[in-house]
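Visitor: would you be able to build a 3D model of this:
(2 chains)
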2 protein chains.
Amino acid sequence: MVIIGGGFGGLSAARALSGADMDVVVLDRKNHHVFQPLLYQVAAAALSPGDIASPIRWILRRQRNAQVWLADVTRIDVDRRIVHLADGPHEVAYDALIVAAGVTHSYFGHDDWQPHAPGLKTLEDALAIRARVLTAFELAERESNAAAQRRLLTFVVVGSGPTGVELAGSLAEISRHALVNDFRSIDPEAARIILVEGGPEVLQTYPAPLPTFARRALEKLGVAVWTGSAVTGIDAGHVHVGSEFIEAGTILWAAGVLASSLGASPGVPLDRAGRVIVNQDLTIPGYPEVFVIGDLATFRTEDGQTLPGVAQVAMQQGVHAARGAVAMFAGQSRAPFRYRFYGNMATIGRHSAIGDLGWVKLKGYPAWLAWLAWLFIHLMQLIGFRNRFSVLLQWAVSYLTYQRAVRLITDPPKGSS
Amino acid sequence: MVIIGGGFGGLSAARALSGADMDVVVLDRKNHHVFQPLLYQVAAAALSPGDIASPIRWILRRQRNAQVWLADVTRIDVDRRIVHLADGPHEVAYDALIVAAGVTHSYFGHDDWQPHAPGLKTLEDALAIRARVLTAFELAERESNAAAQRRLLTFVVVGSGPTGVELAGSLAEISRHALVNDFRSIDPEAARIILVEGGPEVLQTYPAPLPTFARRALEKLGVAVWTGSAVTGIDAGHVHVGSEFIEAGTILWAAGVLASSLGASPGVPLDRAGRVIVNQDLTIPGYPEVFVIGDLATFRTEDGQTLPGVAQVAMQQGVHAARGAVAMFAGQSRAPFRYRFYGNMATIGRHSAIGDLGWVKLKGYPAWLAWLAWLFIHLMQLIGFRNRFSVLLQWAVSYLTYQRAVRLITDPPKGSS
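Guide: Next comes the predicted model:
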């Protein structure tokens, strides 16, 4: 069994196979699993990379039937049942394959926007965004020209899904709380944070009245929310919104996703975002030993809906694909995948959130507490017992001491800004 | 008053001026002060960058007469009393200047060795070394050729001063303890760690019998100590020692230092390593308003000795230079600098050390306890009261949970290896 990707989907599949009588090889380009829901907090310099990421090898260290390889998969040959790697050994043969390679950013055909408006998917992305944001404040402190200073202290976040909302909320809190005593020439509170959204409301996938609440919560934090504002151009330091433009030292992209190019490799039908359209048992047409799960897959439920690209879907699909593979080797029939909806949540700043649990809608502090509980459950499921306490302690310390030392610029910001 | 450099010297000078009636501007290329004595622990993936570094601006946030600028100083014009910066505003005028720009690596004229054998001075260096070391284990896990695997698991540290000894000891402990359950194809304990030293003994600046003790402690950890072995060549994956050579996947440089090029800027006499030869009051000849301190300065004591490049010297000189500047503006005479030797210490792995306190020599566990106490005192002196507890707690958690999650590869290893 080969699993491509050590994210929520791949890791759940690997763990579901811990009792199975098969060898499991997990391939990932990175040596670590990232706890994506907190990635924006690394970007916002509230948590360290080590607080939200663990080596995949370490997570699976007790699972004796699992191997982990740091490897860049270039192509899948579904007919010869071989995965091609970028460097030696160049081929890995499989009897069953779970592809959980995820997604990257989509600039909707405007790849030239990318250097000016980085997105947030990896730890490196988070550190690069952190460096850009902190460097903007640093340069503003040295800047004597008022217009240039204002430009440096203008932050634009494009896209108001959970990531965009979380980034904008964090930026507002950094400038209004964390940095407030650290500068002499500038007032970090003067920073403008603008959240630009093409649609009519933020967090549109949530049921009313949650989006409206989220919008107001953002505005209370000091974020200017521009809905119904389609971005028409981005270049160095400018965001064009129709005929208007914003001069902004920092532009962050949270608007679109594009499936990993590995999705195209088996030659099966894809949806518009490049995601693989999977069968009801999560396999691809014609290859019952190849499963595609998580953000890379498009799964259509019985009532015709497609599932969102969230951790819960990926984790449930990981378990289902693992069981499907076990059933296949045992010659048994496989059940169709059924998604159990436990809820969706998005945080707005550090003490507010919205949550749709299906049977109840939460907002504000109760939603934030529910989010904490959800975080705790995810953590427990994924990283095992041994270090729960120490991880929680580190999180608590990092979270409570917002003023502290993670505000490090360790990489020069890339591209222009 | 302008201070170049936010290391131990510059920061001590800035803090010593907190009550003074003058404006203080601290210039540094990085936004953070690094607690250098623990830098090797970041390289060894035992601590996170955020555990040992704090934004300079945060450290000085309460000192209202201090400004911090993220700025790259390119040149000092001592006649016009101007510091030139790489980017705008391009000039900063000063009435008094403290230069504490430190040192970088010296490859003794073999700059072509640098890409193959990175050194350890900055957080970026530490993260790059960490990535190389962890990547070597990752590649070895995938490698089926026994000779290639052995090469990948061979680590050479060149130079056996404190940094070299600390790196070698940490590498031994990583491979023998931290990684021991994580791999399937390789046995991390099979890793060879070789410490190469041209001189007759490790940690030669320490009095007998401490070097001999340190050597035995390293050997007990599993480090092969090659003393009397001058390195004659380094290229991709090879270290030449005379006519022999070692095939090594990872080569680390801890052998020499070279003063910051800013030392040459005032046009005053330098020593062989490019350090500025300073007067007894730490100023440079002909410019009583320009102080050079710390690793960048060569100070000759009354009995003809030069002071070592350690944090204690830099910190004492920082305070002395600050007082000298205050005396100068008050028209008072300045005292010559006198170094008070409180002791030198070097750690060997995580629970042993050697310490020379002048009046007593310590080795083993007592020395390690003394080192902990020293660490604590430094920490107290530098980063102020507010977050002492949280920093100590984070350190304790990180230190006690050696198995944990900081083993992240966040940067591709640069150069060949």
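Visitor: all strands for the stretch 151-300 of chain A, in order.
Guide: Here the stretch 151-300 of chain A has its strands, by DSSP state E, counting those that start in this stretch, at A:154-158, A:192-196, A:223-226, A:231-235, A:238-241, A:244-247, A:250-253, A:257-259, A:276-277, A:283-284, A:287-292, A:297-298.
Visitor: out of those strands, nearest to chain B?
Guide: When the strands of the stretch 151-300 of chain A are compared for distance to chain B using Cβ to the nearest Cβ, the nearest one is strand A:250-253, at 15.2 Å. The C-beta positions use only the backbone N, C-alpha and C, and glycine is treated the same way.
Visitor: run through who's touching the helix or strand residue A:33 falls within.
Guide: Taking DSSP states H and E as the criterion, residue A:33 maps to strand A:32-34. By Cβ atoms under 8 Å, 6 or more residues apart in numbering or on different chains, the surrounding residues in contact with strand A:32-34 are A:6-7, A:11, A:52-56, A:59, A:122-123, A:382, B:407-409.
Visitor: how far does it sit from its chain's centre?
Guide: 11 Å (Cα atoms, centre = their mean, to the nearest Å).
Visitor: what about that strand, average pLDDT?
Guide: If you average the pLDDT over strand A:32-34, you get 91.
Visitor: which two of the contacts of strand A:32-34 have the greatest separation?
Guide: A:382 and B:409 (19.3 Å; Cβ to Cβ).
Visitor: and stretch A:184-199, what's buried?
Guide: The neighbour-count check on stretch A:184-199 (16 or more other Cβ atoms under 10 Å in any protein chain shown) flags A:184, A:186, A:188, A:191, A:192, A:193, A:194, A:195, A:196, A:197 as buried.
Visitor: neighbour count for residue A:382 and residue B:409, which is higher?
Guide: For residue A:382 and residue B:409, the more surrounded residue by other Cβ atoms under 10 Å in any protein chain shown is residue B:409, and the numbers stand at 21 against 17.
Visitor: interface residues of the stretch 101-250 of chain A facing chain B?
Guide: Neighbours of chain B within the stretch 101-250 of chain A, by Cβ under 8 Å from any Cβ of the partner chain: A:123-124, A:127, A:134-135, A:138-139, A:141-142, A:144, A:181-185.
Visitor: generate a PyMOL selection restricted to the buried subset of those.
Guide: In PyMOL syntax, the buried subset of these is picked out as below (16+ other Cβ under 10 Å):
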select buried, chain A and resi 123+124+127+134+135+138+139+141+142+182+183+184
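Visitor: okay, who's weakest in the residues of the stretch 101-250 of chain A next to chain B by pLDDT?
Guide: Out of those, that is residue A:181, at 83.
Visitor: so what's that one up against?
Guide: Here residue A:181 is in contact with B:61, B:62 (Cβ under 8 Å, 6+ apart).
Visitor: cutoff 10 Å now
Guide: Going by Cβ atoms under 10 Å, 6 or more residues apart in numbering or on different chains, residue A:181 touches A:188, A:403, B:57, B:58, B:61, B:62, B:64.
Visitor: also residue A:184?
Guide: Neighbours of residue A:184 in contact, by Cβ under 10 Å, 6+ apart: A:141, B:23, B:25, B:57, B:60, B:61, B:64, B:65, B:66, B:67, B:68, B:69.
Visitor: for residue A:327, same thing?
Guide: A:281, A:333, A:334, A:335.
Visitor: next one: it from residue A:299, what distance?
Guide: According to Cβ to Cβ, to the nearest Å, residue A:327 stands 18 Å off from residue A:299.
Visitor: can you check residue A:239 too?
Guide: 34 Å.
Visitor: which one of the two has more residues nearby?
Guide: residue A:239 (26 against 22).
Visitor: pLDDT score assigned to the nearest residue to residue A:222 once chain neighbours are set aside?
Guide: Spatially, and ignoring its direct neighbours in sequence, residue A:222 is nearest to residue A:172 (4.7 Å; Cβ to Cβ, 6 or more residues apart in numbering or on different chains). Looking at residue A:172, its pLDDT stands at 93.
Visitor: what is the burial count for residue A:172?
Guide: 26.
Visitor: please tell me how far the residue lying closest to residue A:207 once chain neighbours are set aside sits from residue A:347.
Guide: Leaving aside its chain neighbours, residue A:207 sits nearest to residue A:356 (5.8 Å; criterion: Cβ to Cβ, 6+ apart). Distance, residue A:356 to residue A:347, using Cβ to Cβ: 13 Å.
Visitor: shared neighbours of the two, anything?
Guide: Joint contacts of residue A:356 and residue A:347 (Cβ under 10 Å, 6+ apart) are residue A:367.
Visitor: still on that earlier bit, looking at pLDDT only, which of the contacts of strand A:32-34 scores worst?
Guide: Minimum pLDDT across the contacts of strand A:32-34 falls on residue A:382, with 57.
Visitor: just the strands in the stretch 301-417 of chain A please.
Guide: A:344-347, A:353-356, A:361-363.
Visitor: most tightly packed of those strands?
Guide: strand A:353-356 (a mean of 26; mean count of other Cβ atoms under 10 Å in any protein chain shown).
Visitor: got the contact list for residue A:216?
Guide: Counting by Cβ under 10 Å, 6+ apart, residue A:216 has contacts A:209, A:225, A:348, A:363.
Visitor: and stretch A:287-303, end to end?
Guide: In stretch A:287-303, first residue to last residue: 25 Å (Cα to Cα, to the nearest Å).
Visitor: could you pull out the buried residues of that stretch?
Guide: A:287, A:289, A:290, A:291, A:292, A:293, A:294, A:295, A:296, A:297, A:298, A:299.
Visitor: now swap in stretch A:315-332 and tell me
Guide: A:315-326, A:328.
Visitor: so can I have TSV of those showing distance to chain B?
Guide: Output for those, formatted as TSV (distance: Cβ to the nearest Cβ, whole Å):
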residue	distance to chain B
A:315	19
A:316	25
A:317	25
A:318	21
A:319	23
A:320	26
A:321	22
A:322	19
A:323	24
A:324	25
A:325	20
A:326	21
A:328	24
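Visitor: mark which of those are part of helices, please.
Guide: Mapping the buried residues of stretch A:315-332 onto helices (DSSP state H) picks out A:315-326, A:328.
Visitor: out of the residues you listed, who's nearest residue A:341?
Guide: Set against residue A:341, the nearest of those by Cβ to Cβ is residue A:316 (9.8 Å).
Visitor: please name the spatially closest residue to the closest one (chain neighbours excluded).
Guide: Leaving out its chain neighbours, residue A:316 is closest to residue A:339 (Cβ to Cβ, 6+ apart), at 6.1 Å.
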